[in-house]
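Novice: Pasting a predicted model and its sequence here:
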Amino acid sequence: MGKGLLNKLKLGFVVIPLAFLDLNSVKAQANENFDFLNYRFKYAPKYNTIAHKMLQIEDSTLLNYISSSEKRFYYPELGAFPSLKTLDSLVDNSKNYIRKKENYTKEEINEISKDIYSEIIKIFPDIKKERGEIDLCYRTSLIYLAIGEENKIPFYASLLPGTPDHIFIRYDPDGQHDPLNQNNSVNERDINIESTTGEIGNSDDYFINKKCLSKESLEKNPWLKNLNEKELIGLAYLARAPRDRKYDPPQTFEDCKKAAELFPNYYLIHWINAKTLEDVKSWTPNPNDPRRNEKAALYYQKALELNPKPNIFADRAHYYSWNLKNYKRAIQDYTSALNLIAKEQKECEEARYLSQIEVDCIFKRKSAYEEIGDYENAQKDFETWIKFHLGPMVKVPNIYKKENASKK
């Protein structure tokens with residue numbers, strides 16, 4: 001299960017970079033799904049897989065945007081990726097190299113996966129460069145899902161937490177994968193596949209250890225589970241939620257609402273809602289409405305209940321500090337983030353990425369301490385922050401010497 005919004009949200013796999021274009025400039029662009037001259041969809045998909053349904057949900061926002069009174073709209077490469085026509089072509093081609101059978105060996109799945117990936121690269125030679133780490137796993141996984149469904153291969157999508165979250169494919173003959181009990185016999189023939197490379201992926205045990213996934217985290221979140229159709233459709237609504245929340249926050253909330261109805265235990269939906277309330281004020285008649293702040297806090301709390309991670313604590317701390325001027329609450333959340341970072345860096349192989357979050361939290365907590373006049377702790381954070389950049393042996397001056405003297 002990045003740049004732009006997902007860099008801010010530490011999210012992944014579902015972001016579509018969006019630009020804001022004039023309608024006239026768009027008419028000259030090509031899109032296989034859409035007829036811009038008549039403002040209608042011109043291509044009727046040949047197949048009706050779950051992946052096709054997901055892409056149609058993403059495509060459907062085009063009509064809303066081009067019919068707006070401002071005659072301007074978001075530009076997700078003129079529709080979902082891949083286009084429905086291209087996806088149909090990939091499915092058609094797969095029937096030339098996939099031999100249908102009831103069960104496949106690991107070697108056969110490996111060969112099929114490599115063939116699928118080879119076809120993807122043949123049609124999209126620059127896909128890694130164009131889609132980037134944020135979106136690549138999501139888009140390639142959709143292709144795997146469509147090909148699997150039409151060829152009666154039991155492929156499922158599964159999520160992993162990350163920055164951004166990661167989505168991969170699993171071959172699961174009985175569809176009963178149990179991530180909570182790796183020794184369960186239902187897992188014996190299951191094979192994880194990395195759709196961004198076409199290679200057979202690592203085991204669940206590897207991911208559990210690498211990402212420090214506790215039993216509680218696996219119970220609360222969708223990590224390593226086979227996503228069902230409702231959850232995948234929820235991801236599609238999340239994927240089409242306007243990424244630039246400044247222009248259409250009501251649409252963002254509408255799409256997140258639909259996503260939450262279908263996929264209620266995915267923390268990212270609640271996090272996006274919180275960030276939208278925090279960042280976008282122009283669309284509400286009263287941006288200082290306390291109920292607005294209460295809602296944002298509730299969204300953050302829901303996200304943290306599902307996925308108590310340092311970056312979410314850090315985001316909520318920023319919200320308390322900059323939006324509510326509640327510096328004591330901000331300090332509590334920055335401290336929670338830093339404590340979690342220390343724990344994860346000790347236990348998790350992949351926790352190195354947290355160092356930048358750690359540095360940011362220390363500096364911002366320093367600022368919050370300044371606001372409440374706690375210069376002693378502000379100095380401690382300042383010293384830690386300086387030593388991150390200049391080394392542990394550097395001598396750090398007391399920048400609050402006058403303030404501390406005046407307090408005495």
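Specialist: Sure, I can see it. Numbers count the residues shown, from 1 in each chain.
Novice: Pull out the buried positions in whichever helix or strand A146 is part of.
Specialist: A146 is located in helix 127-150, with elements delineated by DSSP states H and E. Within helix 127-150, the residues that qualify as buried are 127, 131, 133-150, counting by 16 or more other CB atoms under 10 Å. The way it works is simple: take the backbone N, C-alpha and C, and place the C-beta from them, glycine included.
Novice: Report all helices and strands that it contacts.
Specialist: helix 50-59, helix 84-97, helix 106-123, strand 155-160, strand 166-171, helix 229-240 (3 or more CB pairs under 8 Å, 6 or more residues apart in numbering; DSSP states H and E).
Novice: Give me the angle between that helix and helix 84-97.
Specialist: 60 degrees (axes from the mean of the first three to the mean of the last three CA atoms, to 10 degrees).
Novice: Might you calculate how far helix 127-150 sits from the centre of the chain?
Specialist: Chain-centre distance of helix 127-150: 14 Å, with CA atoms, centre = their mean, to the nearest Å.
Novice: how about it as PDB, C-alpha atoms only?
Specialist: The C-alpha trace of helix 127-150 is given here as PDB (Å, rounded to 0.1, in the frame of the first residue of the first chain):
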ATOM      1  CA  ILE A 127       6.400   3.900 -16.400                       C
ATOM      2  CA  LYS A 128       8.800   4.000 -13.500                       C
ATOM      3  CA  LYS A 129       9.900   7.500 -14.400                       C
ATOM      4  CA  GLU A 130       6.500   8.800 -15.200                       C
ATOM      5  CA  ARG A 131       4.500   7.300 -12.300                       C
ATOM      6  CA  GLY A 132       7.200   7.500  -9.600                       C
ATOM      7  CA  GLU A 133       7.200   5.600  -6.400                       C
ATOM      8  CA  ILE A 134       4.000   7.100  -5.200                       C
ATOM      9  CA  ASP A 135       1.700   5.700  -7.800                       C
ATOM     10  CA  LEU A 136       3.600   2.900  -9.600                       C
ATOM     11  CA  CYS A 137       2.700   0.000  -7.300                       C
ATOM     12  CA  TYR A 138      -1.000   0.900  -7.400                       C
ATOM     13  CA  ARG A 139      -1.200   1.200 -11.200                       C
ATOM     14  CA  THR A 140       0.800  -2.000 -11.900                       C
ATOM     15  CA  SER A 141      -1.300  -3.900  -9.400                       C
ATOM     16  CA  LEU A 142      -4.500  -2.900 -11.100                       C
ATOM     17  CA  ILE A 143      -3.100  -4.500 -14.300                       C
ATOM     18  CA  TYR A 144      -2.200  -7.700 -12.500                       C
ATOM     19  CA  LEU A 145      -5.700  -7.800 -10.900                       C
ATOM     20  CA  ALA A 146      -7.500  -7.400 -14.300                       C
ATOM     21  CA  ILE A 147      -5.300 -10.000 -16.000                       C
ATOM     22  CA  GLY A 148      -5.700 -12.400 -13.100                       C
ATOM     23  CA  GLU A 149      -9.500 -12.100 -12.900                       C
ATOM     24  CA  GLU A 150     -10.000 -12.700 -16.700                       C
END
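Novice: Test for you: state the pLDDT assigned to T284.
Specialist: pLDDT for T284: 55.
Novice: I'd assumed D255 was in contact with L238.
Specialist: Yes: between L238 and D255 there is a contact under CB atoms under 8 Å: 6.8 Å.
Novice: Settle this for me: A80 is touching A51, isn't it.
Specialist: No: with contact defined as CB under 8 Å, A80 does not count as touching A51 (10.0 Å).
Novice: so is P179 in a helix, a strand, or just coil?
Specialist: coil (DSSP: H, G, I helix; E, B strand; the rest coil).
Novice: quick one: the closest residue to it other than its chain neighbours from I167, how far?
Specialist: Closest residue to P179 apart from its sequence neighbours, by CB to CB, 6 or more residues apart in numbering: L224 at 3.6 Å. Using CB to CB, to the nearest Å, one gets 11 Å for the distance from L224 to I167.
Novice: okay, and the common contacts of these two?
Specialist: 158-160 (CB atoms under 8 Å, 6 or more residues apart in numbering).
Novice: Top of those by number of neighbours, please.
Specialist: In terms of neighbour count, S158 stands highest of the shared contacts of L224 and I167 at 26 neighbours, by other CB atoms under 10 Å.
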